[in-house]
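*Asks:* Next come a sequence and a model predicted from it.
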Amino acid sequence: MKRGYEHSASTSVGPPQSRHRLNPPGDSSFLEDESSENLARKVAEHYSARTNQTLEEREASPIIHLKKLNNWIKSVLIQLYTRRGDSVLDLACGKGGDLIKWDKAKVGYYVGIDIAEGSIEDCRTRYNGDADQNLRRRKFTFPARLICGDCFEVRLDKVLEDDAPFDICSCQFALHYSWSTPARARRALANVSALLRPGGTFIGTMPDANVIIKKLREAEGLTFGNSVYWISFDEEYSEKKFKSSSPYGIKYKFHLEDAVDCPEWIVPFDVFKTLAEEYDLELVFAKNSHEFVHEYLKRPEFADLMRRLGALGDGNQDQSTLSQDEWEVAYLYLAFVLRKRGQPDTSRKRKANKGQMQIAKGDIMYLSGEP
Ligand SMILES: C[S@@+](CC[C@H](N)C(=O)[O-])C[C@H]1O[C@@H](n2cnc3c(N)ncnc32)[C@H](O)[C@@H]1O
């Protein structure tokens, strides 16, 4: 994989310029001694502040094809592991960007949780169909419930006692926000495990720590990137060495044009896998996004979906629509699937009348910061 700076256009809007533009003097967003609570709030504020884009704005985004590619990856995961009528828990659901994917999979019930109030509100309006400018979209076919809160801090088993168990739990592009402390990483996995039925599936996408560390070690300094992203580590990592005894709280700052600008944490995958096993979650597979794309593009139905989404041109040889820099960002991520140990209880009846088909502002449940 080519490294960022050398191959970026000379007019690059990469790390040095972007840092000044986006991290003005006096901005305390990256202070050493910030508590994990404060950092979680920073993440929430960042996502809350991102307003819904119009279709035109979205199409003009410098990472539009990366967004389409990521949507394709999430769609493939959902289609591979969801069955008609499934109950879904979407951790860090954001603005509900996956609602249509769940609808296509004909799920029976959906619960979405996100820490960012603005995103949950956007998710609500999208679910209700209000966000659709040309009002052509029919209503979603499944009832839903939306919750605003920190799903890596709060115990969700009691909160969702009447909704659980879920057949499938999804956490897309967000699990790394739990890796700031061991307690949060454990809470994330404990929540997933407590809420999934035996045999249920946990699907997700998150940064690929191996790729990020490799790129850091290849970089001259502590910052690397290209025209659409940069990642910057603090001086404390100047030796570029990471103790296996401290696999949590390895923070870096991530900037992705038109998408992300906040602190994130490295998730060493072997530690994640071992910790997940403690919570009865067994690894089915983990694949870097590049490998994932190459593998699932071989399947005609997914190649067809890629063609329709238009991320990689015609879905075969033609990659003309996705820039090299966007493809490099895709390489920073992996997709994973875990399965909750145990056999499904086929005798158990589904609870009826969960959720609503129209969600009012007052229906959103707000969780306090206390676990
Ligand atoms: C990159 S966005 C992904 C959103 C959505 N999953 C998707 O794929 O479109 C990351 C999301 O994680 C949410 N998030 C971050 N930390 C969280 C936390 N502790 N609890 C709940 N949501 C969190 C953010 O608010 C944001 O909506």
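*Replies:* Perfect, I can see it now. Residues are numbered from 1 along each chain as shown.
*Asks:* Where does the residue in the stretch 1-150 of the chain that the ligand sits nearest to sit: helix, strand or coil?
*Replies:* Per CB to the nearest ligand atom, G94 is where the stretch 1-150 of the chain lies closest to the ligand, at 2.7 Å. Glycine gets a C-beta too; all of them are placed from N, C-alpha and C. Three-state assignment for G94 (DSSP: H, G, I helix; E, B strand; the rest coil): coil.
*Asks:* quick one: is the longest strand seen in the chain near the ligand?
*Replies:* In the chain, with assignment by DSSP state E, the single longest strand is strand 196-207. No - judged by CB under 6 Å from any ligand atom, strand 196-207 makes no contact with the ligand; its nearest approach is 7.4 Å.
*Asks:* what pairs with that strand, and is each one parallel or antiparallel?
*Replies:* If you go by DSSP bridges, strand 196-207 pairs up with strand 166-172 (parallel), strand 333-340 (antiparallel).
*Asks:* tell me the contacts of the residue of the stretch 1-150 of the chain closest to the ligand?
*Replies:* Counting by CB atoms under 8 Å, 6 or more residues apart in numbering, G94 makes contact with 47, 114, 116, 119, 123, 172, 174.
*Asks:* Quick check: buried residues in stretch 98-109?
*Replies:* Residues 98-99, 101-103, 105, 107-109 are the ones in stretch 98-109 that count as buried (16 or more other CB atoms under 10 Å).
*Asks:* Let's see it as CSV, backbone CA atoms only.
*Replies:* Taking Å, rounded to 0.1, in the frame of the first residue of the first chain, the C-alpha atoms of stretch 98-109 are listed here in CSV:
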residue,chain,number,x,y,z
ASP,A,98,-28.5,1.7,7.9
LEU,A,99,-32.3,1.8,8.3
ILE,A,100,-32.9,1.1,4.6
LYS,A,101,-30.5,-1.8,4.7
TRP,A,102,-32.4,-3.4,7.6
ASP,A,103,-35.7,-2.8,5.8
LYS,A,104,-34.4,-4.6,2.8
ALA,A,105,-33.4,-7.5,5.1
LYS,A,106,-37.0,-7.5,6.3
VAL,A,107,-36.2,-7.4,10.0
GLY,A,108,-39.0,-7.6,12.5
TYR,A,109,-37.8,-5.1,15.1
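*Asks:* What average pLDDT does it get?
*Replies:* For stretch 98-109, mean pLDDT is 97.
*Asks:* before we move on, what about stretch 123-130?
*Replies:* Averaging pLDDT along stretch 123-130 gives 92.
*Asks:* Below-threshold pLDDT in this structure: ranges please.
*Replies:* 1-33, 131-138, 313-320, 347-353, 369-371 (pLDDT under 70).
*Asks:* mind listing the helices for it?
*Replies:* Taking DSSP state H, the helices of the chain run over residues 4-7, 15-22, 36-49, 55-59, 64-81, 99-104, 117-128, 156-159, 182-195, 209-218, 269-278, 289-296, 300-309, 324-330.
*Asks:* Put together JSON lines for those helices, with distance to the ligand on each row.
*Replies:* JSON lines is the format used below for the helices of the chain (distance: least, CB to the nearest ligand atom, whole Å):
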{"stretch": "helix 4-7", "distance to the ligand": "21"}
{"stretch": "helix 15-22", "distance to the ligand": "17"}
{"stretch": "helix 36-49", "distance to the ligand": "3"}
{"stretch": "helix 55-59", "distance to the ligand": "13"}
{"stretch": "helix 64-81", "distance to the ligand": "6"}
{"stretch": "helix 99-104", "distance to the ligand": "10"}
{"stretch": "helix 117-128", "distance to the ligand": "5"}
{"stretch": "helix 156-159", "distance to the ligand": "10"}
{"stretch": "helix 182-195", "distance to the ligand": "8"}
{"stretch": "helix 209-218", "distance to the ligand": "16"}
{"stretch": "helix 269-278", "distance to the ligand": "16"}
{"stretch": "helix 289-296", "distance to the ligand": "13"}
{"stretch": "helix 300-309", "distance to the ligand": "15"}
{"stretch": "helix 324-330", "distance to the ligand": "12"}
